[in-house]
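A.B. asks: Fold the following for me, if possible:
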Amino acid sequence: MAGRRSGESTPRSISGPQAPLVWKFGGTSVGDQERVLAVAERMVAAQRGGRGVVAVLSAMGKSTDALVAQAAAISPNPPLRELDALLAVGEQISCALTAMAIASLGGHAVSLTGGQAGIRTDATHGSARMLGIDPARIRKALDDGAIVLVTGFQGESCDGDTTTLGRGGSDASAVAVAAALGARECEIFTDVPAVHTADPRVVPDARRLPTISPQEMLELAEAGAGVLQPRSVELAMAHGVDIHLRSSFGTEEGTWIRGGAGDFEVAGTAAVAGVAHRRDEHLYSVDAPLTSVAAALAGRGLALGTVVPGAATAVTVPGADPAAVAAALDAAGITLLGREDLGSVGVVSLGLARAPEVLASTLDVLAAAGITPRLVTTTPSRVGVLVAADRVDDAVRALHAALVGGESAGAGRTAA
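C.D. replies: Residues are numbered from 1 along each chain as shown. From the prediction side, this is the model:
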């Protein structure tokens with residue numbers, strides 16, 4: 001990115017006097033009335049300090065899950081257009097209540113839906129792609145002295161329909177809004193204090209990373225690290241936006257996701273950035289041409305993962321709910337022959353083609369732990385292994401201990 005020197009470690013200020021602070025608050029950050037008031041206080045304080053504030057909000061707590069459950073109770077395969085209309089309600093509630101909280105503190109806020117904020121998408125309900133953002137209404141509200149609250153996770157198609165961006169889409173909304181407003185950074189407030197080298201609930205001594213490159217963060221997110229939606233990292237890379245991930249419950253510095261903070265060339269080294277996992281990764285057996293399976297999944301916004309040819313084709317659909325996969329196949333008249341419930345572990349290291357020892361070590365560590373891989377895949381930056389669901393945590397701990405190390409082993413290391 002322009003103006004970045006190799007090795008630079010200090011956070012950059014937002015460029016230009018007119019660029020506002022762009023914040024995103026996750027569901028736990030606005031999970032109840034007390035948290036909504038705390039978020040409102042933070043915004044009012046920032047505005048009174050002389051900064052414009054635009055905040056993208058998720059739905060409160062688990063309200064999106066509750067809406068999904070209500071839809072499932074009515075229909076196992078609801079029309080996606082209507083499901084989007086239902087799920088968009090959660091973020092609207094968060095924004096409206098937060099605007100009320102700001103007013104109670106003597107401030108002024110305007111809540112905007114994705115469409116009102118100028119977020120335009122294609123018509124792929126459930127996993128829409130953003131086509132662009134016209135921030136004119138956001139800018140006008142800022143010029144009028146308002147704190148602007150934008151519903152995350154949603155936009156509007158060219159037909160005027162409400163669309164959603166997929167699970168975790170509020171992260172992508174926030175980065176896209178930051179880019180549209182000319183901001184060079186986007187702060188994402190969540191319920192974790194930083195990005196770690198593994199899930200600290202599984203590996204207690206996993207290290208906090210002060211900084212991590214966007215490439216490594218993208219691989220970790222794709223492998224199951226839930227701290228950021230992969231699309232948000234892709235958008236940040238494409239538009240030159242730094243992401244600052246931090247906790248809304250404390251004052252810790254958190255993690256900066258940005259490029260240019262490491263060595264001249266990091267790809268090809270044997271350094272392992274981290275280990276991510278999913279406890280629920282399924283291998284589906286289907287009796288249909290692969291092209292038909294891929295089309296059926298794509299029609300429901302689901303991406304085909306690994307394919308294992310055989311008498312019956314076996315496929316993975318990373319991160320997808322089994323009910324959604326079954327509904328997509330059923331709607332296309334494809335018979336689901338079976339499902340093997342597994343878990344996945346991903347070891348992230350840039351330039352694996354030039355560091356083959358990472359794959360070899362991964363397999364050695366699993367063998368020593370008595371864990372038999374069901375399937376092994378590689379990309380230029382990640383080793384992925386499917387294992388028995390009840391051995392996922394064991395695999396994560398063994399691989400992290402051998403390939404990454406804990407707090408004491410990695411003191412002072414910064415991923416890049």
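A.B. asks: any idea where the strands of the stretch 101-250 of the chain begin and end?
C.D. replies: For the stretch 101-250 of the chain, the strands defined by DSSP state E, counting those that start in this stretch cover 109-112, 119-121, 130-133, 147-151, 154-157, 162-164, 185-190, 211-212, 242-247.
A.B. asks: Pass me the low-pLDDT residue ranges in the stretch 301-416 of the chain, would you?
C.D. replies: With pLDDT under 70 as the threshold, the stretch 301-416 of the chain has low-confidence stretches at 407-416.
A.B. asks: mind listing the strands for it?
C.D. replies: 307-308, 313-316, 336-348, 375-379, 382-388.
A.B. asks: which helices and strands sit right next to the longest one?
C.D. replies: So that's strand 336-348. Other elements packing on strand 336-348 under the criterion 3 or more C-beta pairs under 8 Å, 6 or more residues apart in numbering; DSSP states H and E are helix 214-222, strand 274-286, helix 322-331, strand 382-388, helix 392-403. (Each C-beta comes from the backbone N, C-alpha and C, glycine too.)
A.B. asks: out of the ones you listed, which comes closest to Asp205?
C.D. replies: helix 392-403 (8.6 Å; C-beta to C-beta).
A.B. asks: rewinding a little: in JSON lines: the strands of the stretch 101-250 of the chain, plus mean pLDDT, mean neighbour count and distance to Leu86.
C.D. replies: What follows is these, written out as JSON lines (pLDDT from 0 to 100; neighbours: other C-beta atoms under 10 Å; distance: least, C-beta to C-beta, whole Å):
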{"stretch": "strand 109-112", "mean pLDDT": "98", "mean neighbour count": "22", "distance to Leu86": "19"}
{"stretch": "strand 119-121", "mean pLDDT": "98", "mean neighbour count": "24", "distance to Leu86": "17"}
{"stretch": "strand 130-133", "mean pLDDT": "96", "mean neighbour count": "16", "distance to Leu86": "21"}
{"stretch": "strand 147-151", "mean pLDDT": "98", "mean neighbour count": "29", "distance to Leu86": "14"}
{"stretch": "strand 154-157", "mean pLDDT": "98", "mean neighbour count": "24", "distance to Leu86": "11"}
{"stretch": "strand 162-164", "mean pLDDT": "97", "mean neighbour count": "27", "distance to Leu86": "9"}
{"stretch": "strand 185-190", "mean pLDDT": "96", "mean neighbour count": "24", "distance to Leu86": "24"}
{"stretch": "strand 211-212", "mean pLDDT": "95", "mean neighbour count": "25", "distance to Leu86": "35"}
{"stretch": "strand 242-247", "mean pLDDT": "96", "mean neighbour count": "22", "distance to Leu86": "29"}
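A.B. asks: Please convert these to JSON lines, extending it with distance to Val54.
C.D. replies: Listed next are the strands of the stretch 101-250 of the chain as JSON lines, based on distance: least, C-beta to C-beta, whole Å:
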{"stretch": "strand 109-112", "distance to Val54": "10"}
{"stretch": "strand 119-121", "distance to Val54": "12"}
{"stretch": "strand 130-133", "distance to Val54": "12"}
{"stretch": "strand 147-151", "distance to Val54": "5"}
{"stretch": "strand 154-157", "distance to Val54": "16"}
{"stretch": "strand 162-164", "distance to Val54": "20"}
{"stretch": "strand 185-190", "distance to Val54": "10"}
{"stretch": "strand 211-212", "distance to Val54": "24"}
{"stretch": "strand 242-247", "distance to Val54": "15"}
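A.B. asks: Quick check: which of those is nearest to Trp256?
C.D. replies: Per C-beta to C-beta, nearest to Trp256 of these: strand 211-212, 4.6 Å.
A.B. asks: what's the neighbour count on Leu403?
C.D. replies: Leu403: 21 surrounding residues under other C-beta atoms under 10 Å.
A.B. asks: In the stretch 151-300 of the chain, where is pLDDT below threshold?
C.D. replies: 260-270.
A.B. asks: let's see it at 80
C.D. replies: Residue ranges of the stretch 151-300 of the chain with pLDDT under 80: 259-270.
A.B. asks: Please name the nearest non-neighbouring residue to Val233.
C.D. replies: Leu218 (4.4 Å; C-beta to C-beta, 6 or more residues apart in numbering).
A.B. asks: Which parts of this structure are helices?
C.D. replies: Counting by DSSP state H, the chain has these helices, from start to end: 33-48, 63-74, 80-87, 89-104, 136-143, 169-180, 214-222, 230-239, 290-298, 322-331, 357-368, 392-403.
A.B. asks: picking up where we left off before, quick one: closest of the strands of the stretch 101-250 of the chain to Thr64.
C.D. replies: Of all the strands of the stretch 101-250 of the chain, it is strand 162-164 that lies closest to Thr64, at 9.5 Å by C-beta to C-beta.
A.B. asks: so how far is Ala238 from Gly226?
C.D. replies: Separation of Gly226 from Ala238 (C-beta to C-beta, to the nearest Å): 22 Å.
A.B. asks: ugh, wrong one, I meant Val396
C.D. replies: The gap separating Val396 from Ala238 is 30 Å, by C-beta to C-beta.
A.B. asks: hmm, back to that, hey, which of the strands of the stretch 301-416 of the chain is tucked in deepest?
C.D. replies: Looking across the strands of the stretch 301-416 of the chain with neighbours counted as mean count of other C-beta atoms under 10 Å, the highest average goes to strand 382-388: a mean of 23.
A.B. asks: I'd like the distance from that strand to the chain centre, please.
C.D. replies: Centroid displacement of strand 382-388 relative to its chain, using C-alpha atoms, centre = their mean, to the nearest Å, is 20 Å.
A.B. asks: cool, stretch 356-365 as well?
C.D. replies: 27 Å.
A.B. asks: which residues touch the closest residue to Ala314 other than its chain neighbours?
C.D. replies: Sequence neighbours aside, Val308 is the residue nearest to Ala314 in space, at 4.0 Å (criterion: C-beta to C-beta, 6+ apart). For Val308, the contact set (C-beta atoms under 8 Å, 6 or more residues apart in numbering) comprises 283, 314-315, 375.
A.B. asks: Relative to Val345, how far out is Val308?
C.D. replies: Look at Val308 and Val345: by C-beta to C-beta, they are 18 Å apart.
A.B. asks: And Leu21, by the same measure?
C.D. replies: Leu21 is 37 Å from Val345, by C-beta to C-beta.
A.B. asks: Thr28 and Ile119, how far apart?
C.D. replies: 23 Å.
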